[in-house]
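Engineer: I would like the atomic coordinates for the input below:
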Amino acid sequence: MTRRQFLQGTALAATGLAAGCSYFGKTDQRSFKISLAEWSYHKALFGKKMTHMDFPVVARRTHDIDGIELVNQFFKDQVGDQGYMKEFLNRSQGEGVRNVLIMCDGEGALGDPDPAKRRQAVQNHHKWADAAKFLGCHSIRVNAETHDTGSFEEQQKRAADGLAALSDYCAGLRLNCIVENHGHLSSNGKWLAGVMRLVDKKNCGTLPDFGNFNIRPGEVYDRYLGVQEMMPFAKAVSAKSYDFDTNGLCVETDYRKMMKIVLDAGYRGWVGIEYEGGRYPEKDGIDATRDLLIRLRIEGV
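Structural biologist: Predicted coordinates for the structure are as follows:
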């Protein structure tokens, strides 16, 4: 399939619904909103072809999306720079873009077997919660790392301990602390749902990702079951995508089936585009994911 055929096959390229209108982030109480995860541009960002400061502009002017999900890796050296943070907020507001959440990685294991390291990991996340509050986000997204040490239940208890402490800090800022299925036991929907029940805090929830269900080499959790198990606690959703067919449909995930699970759970919040494929340029993969979500939203799934 050529790049031209790919673009012609996407839903909105075929129907012309996107022509000149600011539509993609808007919704009503019966539907969902569409945001863009910064990781979708990780190649451009790591390759210095784009900067974090460019992201709100690209989301709005290139994709006409009005919600963005930030990744801490791309501004970790600037998070303590008040001037930089204010400039980014002004940039977002100037483009009419909502900062939805910050995805936090590399700050330690919240379920570390060592209680001191677990407490340090909680402390390490505080600066990102402060940044999320300043930028107007509703959540920070964290990982429920446990180093795969201990039984299924022991790892649940440790993850719940770290998450509960961090959620208490976030509650003071009126923020949510949400967990993505991001490998190892966190990609087991039953395990992560159990962690949520142990934490039992209104501001602690999940961020179901359509594609992150590899527990370990050779062990993959059912993505549809996993999302269904996590949706009762969901405060954000990640629409992961890699490849598309000539009809603009995602190859690895049945988006119609997946979005029905999301909506049947009563969820009407942000659904974040996270294109991670290598077959098409990042811009085209993002647009294809956006167009598919729009098609399903119009059709009412």
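Engineer: can you classify the residue nearest the centre of the chain by secondary structure?
Structural biologist: With distances taken as Cα atoms, centre = their mean, S238 lies nearest the centre of the chain, 4.3 Å away. Put simply, S238 is strand when judged by DSSP: H, G, I helix; E, B strand; the rest coil.
Engineer: ok, it to V227 distance?
Structural biologist: 10 Å (Cβ to Cβ, to the nearest Å). Where you see a C-beta, it was placed from the backbone N, CA and C, and this is true even at glycine.
Engineer: overlap of the contact sets of those two?
Structural biologist: Counting by Cβ atoms under 8 Å, 6 or more residues apart in numbering, the shared contacts of S238 and V227 are P208, F210.
Engineer: which stretches of the stretch 51-200 of the chain form helices?
Structural biologist: For the stretch 51-200 of the chain, the helices defined by DSSP state H, counting those that start in this stretch cover 55-57, 63, 82-95, 115-135, 152-172, 189-199.
Engineer: tell me the average confidence for the following helix or strand past the first one?
Structural biologist: In the C-terminal direction, the helix or strand that comes right after helix 55-57 (DSSP states H and E) is helix 63. Averaging the model's pLDDT scores along helix 63 yields 98.
Engineer: show me what helix 63 is packed up against.
Structural biologist: Helices and strands touching helix 63, by 3 or more Cβ pairs under 8 Å, 6 or more residues apart in numbering; DSSP states H and E, are helix 282-299.
Engineer: where does pLDDT dip in the protein?
Structural biologist: Within the chain, the stretches with pLDDT under 70 are 1-30.
Engineer: enumerate every residue touching the residue nearest to the centre of the chain.
Structural biologist: Counted by Cβ under 8 Å, 6+ apart, S238 has contacts A37, E180, L207, P208, D209, F210, G211, N212, V271, G272, E274.
Engineer: look up how far L192 lies from the residue nearest to L296 when sequence neighbours are not counted.
Structural biologist: Spatially, and ignoring its direct neighbours in sequence, L296 is nearest to M259 (5.2 Å; Cβ to Cβ, 6 or more residues apart in numbering). Look at M259 and L192: by Cβ to Cβ, they are 20 Å apart.
Engineer: ok, now F210?
Structural biologist: Noted for F210: a distance of 15 Å to L192, by Cβ to Cβ.
Engineer: let me have the contacts of S238 in CSV, extended by distance to V142, neighbour count and secondary structure.
Structural biologist: Output for the contacts of S238, formatted as CSV (distance: Cβ to Cβ, whole Å; neighbours: other Cβ atoms under 10 Å; DSSP: H, G, I helix; E, B strand; the rest coil):
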residue, distance to V142, neighbour count, secondary structure
A37, 15, 28, strand
E180, 8, 22, strand
L207, 9, 26, strand
P208, 14, 31, coil
D209, 13, 25, strand
F210, 19, 26, coil
G211, 18, 18, coil
N212, 14, 21, coil
V271, 19, 26, strand
G272, 15, 29, strand
E274, 16, 26, strand
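Engineer: farthest-apart pair in these, please.
Structural biologist: Spanning the widest gap among these are N212 and V271, at 15.2 Å by Cβ to Cβ.
Engineer: ok, S167 touching C177?
Structural biologist: Yes - using Cβ atoms under 8 Å, S167 makes contact with C177 at a distance of 4.3 Å.
Engineer: quick one, which of those two is more surrounded?
Structural biologist: C177 (30 against 24; other Cβ atoms under 10 Å).
Engineer: specify the beta-bridge partners of that one.
Structural biologist: Note on C177: beta-bridge partners I140, C204, judged by DSSP bridges.
Engineer: in stretch 253-266, which residues are buried?
Structural biologist: Using 16 or more other Cβ atoms under 10 Å as the test for burial, stretch 253-266 gives T253, Y255, M258, M259, I261, V262, L263, A265.
Engineer: with stretch 36-49 instead?
Structural biologist: Residues of stretch 36-49 classed as buried by neighbour count (16+ other Cβ under 10 Å): L36, A37, E38, W39, S40, Y41, H42, A44, L45.
Engineer: and of those, the nearest to E145?
Structural biologist: For the buried residues of stretch 36-49, the nearest to E145 is W39 (18.0 Å; Cβ to Cβ).
Engineer: quick one, what contacts the residue nearest to R216 when sequence neighbours are not counted?
Structural biologist: Leaving out its chain neighbours, the residue that sits closest to R216 by Cβ to Cβ, 6+ apart is H184, at 6.8 Å. If a contact means Cβ under 8 Å, 6+ apart, then H184 has E145, T146, D148, I215, R216 as its contacts.
Engineer: good, we can wrap up now.
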